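# Predicted coordinates and the sequence they were generated for:
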Amino acid sequence: MVKNDGVRGVASWTLGMATEQIQNAARLVKETGLSKALVRTAELSGLPDSPIARAATSALRLPLDKLKLLRPPQAEVSADVPDLPREILDNIADHLDRKTLSDFALGSSQFAQVAGGAVRDLTFNSPDKLRKDMASLADEPQSRFSQRGLHSLTLTHGRYDSKDLDAIPEWARASIQSLVLERPLAEDGWPLLENFPKLREVKVLQSEGYGEADLARLPKSLARLHLRMPATEEVLDQLKQFPGLKEIEVTMAHGSRLDDVLEQFGLSGSSAEDTEAKDTQHDGVSPLRNIKMTALTFHHGQSFAESDIAKLPASLRELTLPWQCQLSTTAFKQLGGIRLQSLDASQSPNLSGASLQAVLQHPTLRRFRSAASNLTASDAKEIAASPRLQEVELPYNDRIGDDGIKSLLANTRINVLNIARCGGSDRLLMDLARKAPPHLEDLTLMG
């Protein structure tokens, strides 16, 4: 998906947009064959590197005998939308990558029956698209899609209510384990989450963590929560109602100290390996004693000293440092002792040269974000040379320029890239908006 946040326009592809193009392809298949139909559909989409274009490319690489058009029996063809021949569908499903399959799945209910075995995570960009596309899959109890089920559902660009959630077929509700929301649900939407028996995580992106009122309406089956901490005694009491709780993502409350949060987890705070519990609660036992802290986020202006690194729990996988955090090269090297997968070091004045090398040498880091840190083209080339990074976000580093951007684009291991306001030329950004490298699943641009 390409996201252009500037005034030059937006080039994006979402699941819900596939329906009409797939139907057009189905009509064209009978006349022109699979490859021409898909290529024409790619042209209609207006984005050459759309999932349909990738499908066309894959189709053209298939053996010619596999592309032979088989006219389906008349009984299988509706008056308005002809079905795609089964052999063609089988070959598409066998040869396309997982992301392309997920983009195609909701465009055609018949395609979903074939491709659904590989689709586990879906994203909807409006309540209307959720209702419309889920309705096309509601009556498919025998499809591979419904037999396999979904794992994760992401809902963005809108406030979803009970009617929207009620449109999700029973087979999907029965299998979804993770729900990601850009904004909190409408009030009447929360009770419907009780109809998702395997739900283990509900994550709200535009939130600093759950409070007391939020916990009261969440399903008690959740295994992972996002909390503002340190928590009040009322919140700690509510956590006892989540018997399967295993992980907590922490956002530091304004004015709080790391030691106060560690104390509530029953950690002494003396080292990352120390798991000794402190009996801090009124009943003598910390309710978070056996819960892992997996993510920790600091706000701008909060305190994080080099001495705090030794206190971080070994279970931590994601760390967001406060802006203007003055860590030394030695401190960044110390972070290598924690099995972090994601690090956000935005507005870090010392993040260059040896300090950047220390970050890039981290043995387990897969995602790195550093906004507005005055990074240069040379720094971008160092980041591009990383053998491990898969997600790189460097917005508002306008000294990176075309050379640095091209270095990042050349690393095929990077599948998520944010280069908004990185000093790229108009020509380069327009070229990327028209056709992004095929290995990128998410590219964010801004001139």
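On my side now, so go ahead. Residues are numbered from 1 along each chain as shown.
# so which strand or helix has W171?
Of the helices and strands defined by DSSP states H and E, W171 is found in helix 170-173.
# What residues of that helix count as buried?
W171, A172, R173 (16 or more other CB atoms under 10 Å). C-beta here means a position set from N, CA and C on the backbone, and glycine is covered the same way.
# From what I see, the last one and E194 are in contact.
Read it as R173. No - contact between R173 and E194 fails when scored by CB atoms under 8 Å: they sit 10.1 Å apart.
# K129: which of the buried residues of helix 170-173 is nearest?
Closest approach between these and K129, by CB to CB: A172, at 14.7 Å.
# State the pLDDT value of the closest one.
What the model reports as pLDDT for A172 is 85.
# out of everything not next to it in sequence, what's closest to it?
Counting by CB to CB, 6 or more residues apart in numbering, L150 is the residue found nearest to A172 once chain neighbours are left out, at 5.2 Å.
# thought that neighbour was touching M134?
No - shown here, L150 and M134 do not form a contact pair, counting by CB under 8 Å, at 10.6 Å.
# Find residues that contact each of the two.
Taking CB atoms under 8 Å, 6 or more residues apart in numbering as the contact criterion, the residues that touch both L150 and M134 are A172.
# Can you list the strands that the helix or strand that the helix holding W171 is followed by pairs with?
Helices and strands here follow DSSP H and E; after helix 170-173, the next one along the chain is strand 178-181. Strands that pair with strand 178-181, judged by DSSP bridges, come out as strand 152-155 (parallel), strand 201-204 (parallel).
# and these as a markdown table, adding mean neighbour count?
Listed next are the strands paired with strand 178-181 as a markdown table, based on neighbours: other CB atoms under 10 Å:
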| stretch | mean neighbour count |
| --- | --- |
| strand 152-155 | 20 |
| strand 201-204 | 18 |
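# related to what we said a few turns ago, so the residue nearest to A172: helix, strand or coil?
coil (DSSP: H, G, I helix; E, B strand; the rest coil).
# So it versus L181, what's the distance?
To L181, L150 is 15 Å away according to CB to CB, to the nearest Å.
# Pick out whichever of these two has more residues nearby.
The residue with more neighbours, out of L150 and L181, is L150; 24 against 20, by other CB atoms under 10 Å.
# Let me know the distance separating the closest residue to L389 other than its chain neighbours from R228.
Nearest non-adjacent residue to L389, counting by CB to CB, 6+ apart: F368, 5.6 Å away. Counting by CB to CB, the gap from F368 to R228 is 25 Å.
# pLDDT weak spots in the stretch 51-200 of the chain?
51-120, 136-148 (pLDDT under 70).
# rerun that using 80 as the cut-off
51-123, 133-150 (pLDDT under 80).
# how about the strands of the stretch 301-447 of the chain, start to end?
318-320, 342-344, 367-369, 391-393, 416-418, 442-445 (DSSP state E, counting those that start in this stretch).
# Which neighbours in the sheet does the fourth one have, and how are they oriented?
Read it as strand 391-393. strand 367-369 (parallel), strand 416-418 (parallel).
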